[in-house]
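In: Sequence plus the predicted model coming up.
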Amino acid sequence: MQTRRLLGAAAAALISVPLFGAEASAASRGAFIWDGEYWGFTYDAFEQGLTAGGATKVDRAPALPSDLLAYNLVIVVLPKVAPSSAESSTLASFVQGGGALVLVSDMQGYAPEPSPIFNALLPGLGVEARFAPGAVYSCGDTSAIEAHPLTAGLTAFHFAAPDYVVPGAATTPLVSTGDGNLFVAVEKNVVLLGDSNPINTFVCAPAEVNAPFFADLPAFACDVDGDGAMNASCDGSDPDDLDPSLTAPGGEGGSGAGGEGSGAAGGSSNQAGAPPNGESGESDGCYVASGATSLSKLLWLSTALFAIRLRRRSAGCRQK
Ligand SMILES: [Ca+2]
Ligand SMILES: [Ca+2]
């Protein structure tokens, strides 16, 4: 959406005129969470992290606004229905205009399943990566984190039973499970997160270790290609913020030096969608089941029915 960029550029130009404050462009630095509203999930720590990372406001609603000009970061969480053609167009325009989009899926147990909904949406966004069914039902931390501006500050990543990400040629892997299944990745300005537990208040809720990721998202929305030059939504004038040829995949730290746990356990050599090697080695005992799909599904659904009770029980998880 050229309009966003033009408006941002115009706003940036106005800033040089003392009579006009910075409000005009700062108004586009909000974050919007499009929330499917499953089982009363909330996103308190995530929302606080977005604010800490520079989002000027964080809104959350079950309906997508037709006008996203106030936002440079949109997070779509566990959609309950497929986006309409109008909503798909709104998201595509947002992405084409340089806005950062995060798609949050999860393992089986939702109706309808979010991953197929996202996979139908991704081609229209120009993204090659796809979600694939996860296979391990466990909760814990992984240190298989690639060096990238979106993972800056992370020493571990807390997750629970993710769907996986099948990367395309232009996809940059970010986080994999301990057994080598990629579940967080980025392709240009679209982030694929195969798990909602890292950001919501459900069982195995986001541990403090995920806070850097929350704060990294608004910074990413300001500088998608990681070259240090802000785009128009953040008062900058980087004209090619979406051009990956100007920044090597993986960002400045992509060569492997100084990475946070890079390549420690499986790293990017994922075989997304492949059967896991037995049970996850990352379990912290919050809850663990075998990899059998039927059992996983049963446990997942029963867990959902007793969400509130289990949320209390998960206090021990949060303290990890
Ligand atoms: Ca999950
Ligand atoms: Ca940039």
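Out: Happy to help now that I have it. Ligands and ions are numbered 1, 2, ... in the order given.

In: What residues sit buried inside stretch 203-218?
Out: 203-207, 209-218 (16 or more other C-beta atoms under 10 Å). C-beta coordinates here come from the backbone N, C-alpha and C atoms, glycine included.

In: Oh, that last question was meant for stretch 67-84, not what I typed.
Out: 68-69, 71-79, 83.

In: Those residues: which two are farthest apart?
Out: 69 and 78 (25.0 Å; C-beta to C-beta).

In: So what does residue 213 have for phi and psi?
Out: When read as degrees, to the nearest 10, the backbone of residue 213 gives phi -60, psi -40.

In: Contact partners for the nearest residue to it once chain neighbours are set aside?
Out: Nearest in space to residue 213, with sequence neighbours left out and distances taken as C-beta to C-beta, 6 or more residues apart in numbering, is residue 154 at 5.8 Å. By C-beta atoms under 8 Å, 6 or more residues apart in numbering, residue 154 lies in contact with 145, 175, 209-210, 212-213, 260.

In: Quick check: the two most widely separated of these?
Out: Across the contacts of residue 154, the longest distance by C-beta to C-beta is 12.9 Å; it joins 210 and 260.

In: Need the three-state assignment for the residue nearest to residue 213.
Out: Per DSSP: H, G, I helix; E, B strand; the rest coil, the local secondary structure of residue 154 is coil.

In: can you check residue 120 too?
Out: helix.

In: pretty sure it is touching residue 82, no?
Out: Yes: applying C-beta atoms under 8 Å, one finds residue 120 in contact with residue 82, separated by 6.6 Å.

In: Show me where the stretch 151-300 of the chain dips below the pLDDT cut-off.
Out: The stretch 151-300 of the chain contains residues with pLDDT under 70 at 244-300.

In: mind running it again at 90?
Out: Applying pLDDT under 90 to the stretch 151-300 of the chain flags residues 201-208, 237, 239-240, 242-300.

In: mind listing the helices for it?
Out: Remark: helices assigned in the stretch 151-300 of the chain by DSSP state H, counting those that start in this stretch are 211-222, 293-305.

In: got the CA positions of the first one in CSV?
Out: To tie it back to what came earlier, the one meant is helix 211-222. Provided in CSV are the C-alpha atoms of helix 211-222 (Å, rounded to 0.1, in the frame of the first residue of the first chain):
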residue,chain,number,x,y,z
ALA,A,211,10.0,-10.9,27.0
PRO,A,212,12.9,-9.8,24.6
PHE,A,213,11.0,-11.3,21.7
PHE,A,214,7.9,-9.3,22.5
ALA,A,215,9.9,-6.1,22.7
ASP,A,216,11.8,-7.0,19.5
LEU,A,217,8.7,-7.0,17.4
PRO,A,218,8.0,-3.2,17.4
ALA,A,219,11.6,-2.6,16.6
PHE,A,220,11.4,-5.0,13.7
ALA,A,221,8.3,-3.1,12.4
CYS,A,222,10.4,0.0,12.3
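
In: touching ligand 2 at all, it?
Out: No: against ligand 2, helix 211-222 shows no contacts by C-beta under 5 Å from the ion, the least distance being 7.9 Å.

In: can you offset everything so residue one is 116?
Out: Shifting the count to begin at 116 puts that one at helix 326-337.

In: packing partners for that helix?
Out: Helix 326-337 is packed against strand 145-150, helix 159-167, strand 186-192, strand 215-219, with contacts defined by 3 or more C-beta pairs under 8 Å, 6 or more residues apart in numbering; DSSP states H and E.

In: what's in contact with that helix?
Out: With C-beta under 8 Å, 6+ apart as the contact definition, helix 326-337 has outside contacts at 144, 146, 160-161, 163-165, 167-170, 187-188, 190, 214-215, 217, 264-269, 272, 301, 304, 306, 313-314, 321, 341, 345-346, 348-349, 351.

In: What subset of these is buried?
Out: Buried subset of those (neighbour count, 16+ other C-beta under 10 Å): 144, 146, 160-161, 164-165, 168-170, 187-188, 190, 214-215, 217, 264-267, 269, 272, 301, 304, 306, 313-314, 321, 341, 345-346, 348-349, 351.

In: out of everything not next to it in sequence, what's closest to residue 178?
Out: In space, residue 178 is closest to residue 149, 7.8 Å off (C-beta to C-beta, 6+ apart).

In: Ok, residue 272 next?
Out: residue 290 (4.8 Å).

In: Next, count neighbours for the one you found.
Out: 30 (other C-beta atoms under 10 Å).

In: Make sure it is actually in contact with residue 262.
Out: No: contact criterion C-beta under 8 Å: residue 290 and residue 262 do not qualify, at 11.4 Å.

In: quick one: contacts for residue 300?
Out: Counting by C-beta under 8 Å, 6+ apart, residue 300 makes contact with 244, 280, 282, 286-289, 306-307.

In: make it 7 Å
Out: Residue 300 sits next to 244, 280, 282, 286-289, 307 when contact means C-beta atoms under 7 Å, 6 or more residues apart in numbering.

In: For the stretch 316-435 of the chain, what lies in contact range of ligand 2?
Out: 338, 340, 342, 344, 353, 356.
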